[in-house]
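In: I would like to see how this sequence folds:
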Amino acid sequence: PRSSISGSATSRPASGASTGQCPRRLIGLRRDARTMVRTHDKKRICIVVFPFKSPYAECGQNYLNQYIRLIAPNVKELNVICGNYRPSGLPDNVTLYNTKAPIIDVYSKESVLSQLHRIISGQLLLTVKLIQLRRTFDIYNIYMWTGAILLPTLVAKLFNKKIWLTVTGSPSKSSKMMYTSIGGWIIPNLIWFIEQTNNALANKIFLSGGQNMMDEMGLGRYSEKVVPHAYNFYLDFDKLRLEKNISERQNIIGYIGRQSPEKGFMKFLECIKILSERNCPLKCLVIGDGVQRELAIKYLSQHNLTDLVEILGWVRYDEIAKYLNDIKIHVLASETEALGGTNLEAMACGAISLVNNVGGLPDTVFDRYNGFILEDNRPETIANKVIDVINDEDLSLIQKNAREYVERTFSEQKVVEQWRVLLVEND
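Out: Numbering: from 1, shown residues only. Here you go, the predicted model:
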């Protein structure tokens with residue numbers, strides 16, 4: 001029998017969990033934010049983003065586009081220093097400085113020497129532009145890859161700028177899973193050192209998740225300057241529509257994202273193999289690309305799974321909702337994760353969310369209320385949970401709860417307002 005406390009799909013999240021409402025300290029500031037002197041209108045911020053590998057890496061580009069749109073309405077001037085960035089309709093108060101960074105293959109496994117060269121050259125490119133712009137901003141804000149940007153931070157500190165970090169994950173943990181032998185020691189430890197130095201120098205650390213993510217990233221010692229639940233993206237509900245009820249969907253298990261070790265991609269495919277051996281009636285759809293693509297194709301061929309698993313590669317963002325409306329269960333079995341933007345998009349389109357209990361995922365997925373949480377990401381655990389979800393009688397209600405949750409939490413208007421309050425509070 002299901003417990004009325006934690007087992008029912010109708011139960012609310014436990015006390016203290018995020019429910020889609022602004023934290024109480026933010027609610028209390030709403031009225032003050034509207035009536036006090038609008039000091040944040042005078043803010044001049046410079047967002048620094050490590051150069052993208054390619055201007056065609058759409059995922060990171062989309063997140064940066066959205067982050068700019070969240071910050072720009074709340075500040076006087078916004079400079080953005082990056083590389084290989086393709087902007088999309090920048091607001092009038094935003095000035096972009098695109099450095100001439102080299103373009104490399106996004107989906108090939110980068111050698112240790114290549115990544116070291118890219119980290120060092122990226123530092124220099126960003127620093128030169130930062131020095132040139134030093135009189136145009138008061139706040140220096142690192143966004144995304146905080147483990148690759150150190151020299152610009154030191155320069156900003158030298159010029160007595162406020163330093164903000166917008167943390168979207170742990171690059172050191174991700175890189176540790178991508179490199180073996182000596183590379184598995186050099187790159188992750190270098191990135192870890194840069195992460196820790198930035199954390200120590202920062203005036204504020206904006207974290208997309210809550211306590212679970214803070215603990216996982218070792219930010220406990222900096223708790224006094226960590227701002228939790230500072231969402232750095234929003235969902236476009238004009239594109240992310242729920243068009244199919246769960247009862248209208250076939251048993252299609254979906255994976256959307258990078259095909260790489262930190263995302264638990266091969267464990268997901270091993271789960272599909274287990275389900276196939278148990279004669280579970282399902283199909284699998286994989287959208288994305290990455291360093292494990294060739295390994296995945298070989299694995300599927302060896303285990304006669306090519307007819308069961310369809311790999312599409314990346315699709316345009318405008319088309320993603322079509323596929324998410326076909327998927328019944330979206331699996332995110334990552335080893336480390338922030339909020340899991342793709343998972344939130346899946347929830348918006350009515351796919352049932354099944355996520356690992358890491359990072360900020362348990363801050364947005366409440367077990368048996370708007371999705372399901374895995375105990376771990378072993379293939380056997382995932383397979384057993386998939387079967388449980390397929391047979392669950394409350395999927396229609398869970399689908400409804402998930403859509404309502406993301407609508408009230410991640411609309412553009414909601415997150416822009418959240419940043420308006422955060423900027424006032426952290427003046």
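
In: Please name the nearest non-neighbouring residue to residue 167.
Out: Nearest non-adjacent residue to residue 167, counting by C-beta to C-beta, 6 or more residues apart in numbering: residue 207, 5.3 Å away. Where C-beta positions appear, they are placed from N, C-alpha and C, glycine not excepted.

In: unless I'm mixing things up, that neighbour is touching residue 228, no?
Out: Yes: between residue 207 and residue 228 a contact is recorded at 5.1 Å, counting by C-beta atoms under 8 Å.

In: And the two? Which one has more around it.
Out: Comparing residue 207 with residue 228 by other C-beta atoms under 10 Å, the one with more neighbours is residue 207, at 27 against 20.

In: Let me see the contact set for that one.
Out: 167, 213, 214, 217, 219, 226, 227, 228, 229, 230, 360 (C-beta atoms under 8 Å, 6 or more residues apart in numbering).

In: Could you pick out the buried ones from these?
Out: Buried members of the contacts of residue 207, counted by 16 or more other C-beta atoms under 10 Å: 167, 213, 214, 217, 219, 226, 227, 228, 229, 230, 360.

In: Now flag whichever of those is closest to residue 255.
Out: residue 360 (19.1 Å; C-beta to C-beta).

In: So for that closest one, what's the nearest residue that isn't a sequence neighbour?
Out: Of all residues not flanking residue 360 in the chain, residue 209 sits nearest, at 2.5 Å (C-beta to C-beta, 6+ apart).

In: for the helix ranked longest in the chain, which positions count as buried?
Out: When the chain is parsed with DSSP state H, its longest helix is helix 112-132. Using 16+ other C-beta under 10 Å as the test for burial, helix 112-132 gives 115, 118, 119, 122, 123, 125, 126, 127, 129, 130.

In: Need the CA coordinates for the helix or strand following it. CSV is fine.
Out: Following helix 112-132 in sequence order, the next helix or strand is strand 139-144 (DSSP states H and E). The C-alpha trace of strand 139-144 is given here as CSV (Å, rounded to 0.1, in the frame of the first residue of the first chain):
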residue,chain,number,x,y,z
ILE,A,139,30.2,43.5,-11.4
TYR,A,140,32.1,40.6,-13.0
ASN,A,141,29.8,37.5,-13.5
ILE,A,142,31.2,34.1,-14.6
TYR,A,143,28.4,32.1,-16.2
MET,A,144,28.5,28.3,-16.9
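
In: Give the partner strands of strand 139-144 in its sheet and their orientations.
Out: strand 44-48 (parallel), strand 162-167 (parallel) (DSSP bridges).

In: Quick check: mean pLDDT of the first one?
Out: Looking back up the chat, that one is strand 44-48. Confidence for strand 44-48, expressed as mean pLDDT, is 96.

In: tell me the angle it makes with helix 112-132.
Out: Between strand 44-48 and helix 112-132, the angle comes out at 160 degrees (axes from the mean of the first three to the mean of the last three C-alpha atoms, to 10 degrees).
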